[in-house]
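**Q** Predicted model and sequence follow; I will ask about them next.
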Amino acid sequence: MSDKYQVVIVGGGTAGITTAAHIKNINPSIEIAIVEPSEKHYYQPLWTLVGGGVFDRTETERNEADLIPAGVTWVKDYVSTFAPEKNELTTKGGTTIGYDYLVVAAGIQINWGAIPGLKESVGKNGVCSNYSYDTVASTWENIRNLKGGTAIFTQPNTPIKCGGAPQKICYIAEDHFRKSGLRDKIDVVFASAKGGIFPVAKYAAALNGVIERKGITTKFEHDLLELRPDKKEAVFQLGGTEDTVTMAYDMIHVTPPMSAPDFLANSPLASSEGWVEVDKLNLNHTRFDNVFALGDCSNIPTSKTGAAIRKQAPIVAKNLLSKIAGEPMKEEYDGYTSCPLVTGYGSLILAEFDYDKQPMETFPFDQSQERYSMYALKAYGLPRLYWHGMLQGRA
């Protein structure tokens, strides 16, 4: 069994839906298929606030069928293999799909099994994580039920979706403990495999101030290696050495290691690190001229966020349509990304920056200062922009 389409998009998440919408808005006659197995679509940036008890997780969920742009064919299946030299891919269901142009927008893979003890314990016995719809509610359960002891928040030594998310939930939890009158009974620890709090100096300075004000203990170059849930112990590897340290916890929020999806990492489209290999400016594949990639699955050297995708999708759409028309590609991506760094209930630092880690701020004030207005933007403005603008190719 086989099918063929003018454009095939692999992935029906943020990047895939947004790119398809942009293409259709510019040229409705383009024939597009989206290959996506999931029935549900999630607005994951809100999971930080779900984990902090602000929203119910159901507010982040929509039916995938309701988001597929008009005129786009939904192939509800997993991709198994790619054959870019033949302009084909195959699905797990056994279908061969041909294409004139391919857009890879397959997201990132969360490797729950990479930390011994995590997969079987997440969501219970003090172990929680915001990184799954199935487990995000357990974060709030742990935060609101903790009355004393040690609360650890981890960040791995891999690329992750939304690089600021591991620290955001730490700040929210600390704020809850303080407002509940329990702060002096709880040691709040941020244990990160990274060497510092944030890669952009301006925002790092502000965040270090937040950490100092809140009395959070930081453990940098601490990479979670293993959980021992029966003993409530976490084992960390120190700074890329073979040395380890064991820390006891009463609750631990784990950000799991992440990677390119296996079916991509093992394909001809991947770089040696497993990500889809594209030119960082035009987002065209470096070896296959009719292939583009964007979002978390690509090797674009910027933070993996929805805000980055919002800038990348129209560039892919326009450059792809230029290719179809036989014209030179004119659009370039400057690496813009954004991390809305929640620092507590009602306060947020809006980090925006480019490939060179230079701030690219939208608003006419210092965004490294904590503000309620920026918190309101994240909590109430950006979700509406996402559902009603971005996914329809209008924002």
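**A** Perfect, thanks for sending it. Residues are numbered from 1 along each chain as shown.
**Q** The closest residue to Ser132 other than its chain neighbours: how many residues sit nearby?
**A** Ranked by Cβ to Cβ, 6 or more residues apart in numbering and with sequence neighbours excluded, the top spatial neighbour of Ser132 is Ile110, at 7.2 Å. Heads up, the C-betas are built off the backbone N, CA and C, glycines and all. Other residues near Ile110 number 18, with proximity taken as other Cβ atoms under 10 Å.
**Q** name the helices or strands packed onto the helix or strand harbouring Arg62?
**A** Counting by DSSP states H and E, the element that carries Arg62 is strand 61-63. Under the contact criterion of 3 or more Cβ pairs under 8 Å, 6 or more residues apart in numbering; DSSP states H and E, the helices and strands touching strand 61-63 comprise strand 40-42.
**Q** buried ones in the strand it packs on?
**A** Neighbour-count burial for strand 40-42 flags His41, Tyr42 (criterion: 16 or more other Cβ atoms under 10 Å).
**Q** now do stretch 176-191
**A** Of the residues in stretch 176-191, those buried under the neighbour-count criterion (16+ other Cβ under 10 Å) are His176, Phe177, Arg178, Arg183, Ile186, Asp187, Val188, Val189, Phe190, Ala191.
**Q** Stretch 331-347 too?
**A** Applying a neighbour-count criterion of 16+ other Cβ under 10 Å, one finds 331, 333, 335-345, 347 buried in stretch 331-347.
**Q** got these as a markdown table, with secondary structure, distance to Val136 and pLDDT columns?
**A** Written out in a markdown table, the entries for these read as follows (DSSP: H, G, I helix; E, B strand; the rest coil; distance: Cβ to Cβ, whole Å; pLDDT from 0 to 100):
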| residue | secondary structure | distance to Val136 | pLDDT |
| --- | --- | --- | --- |
| Glu331 | coil | 35 | 98 |
| Tyr333 | coil | 30 | 98 |
| Gly335 | coil | 29 | 98 |
| Tyr336 | coil | 27 | 98 |
| Thr337 | strand | 23 | 98 |
| Ser338 | strand | 21 | 97 |
| Cys339 | strand | 19 | 97 |
| Pro340 | strand | 17 | 98 |
| Leu341 | strand | 19 | 98 |
| Val342 | strand | 15 | 98 |
| Thr343 | strand | 20 | 98 |
| Gly344 | strand | 19 | 98 |
| Tyr345 | coil | 17 | 98 |
| Ser347 | strand | 21 | 98 |
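**Q** what's the closest of those residues to Lys311?
**A** Comparing the buried residues of stretch 331-347 against Lys311 with Cβ to Cβ places Tyr336 closest, at 4.8 Å.
**Q** So what's the residue count around the nearest residue to that closest one once chain neighbours are set aside?
**A** Counting by Cβ to Cβ, 6+ apart, the nearest residue to Tyr336 once its immediate chain neighbours are dropped is Lys311, at 4.8 Å. The local packing of Lys311 (other Cβ under 10 Å) involves 18 other residues.
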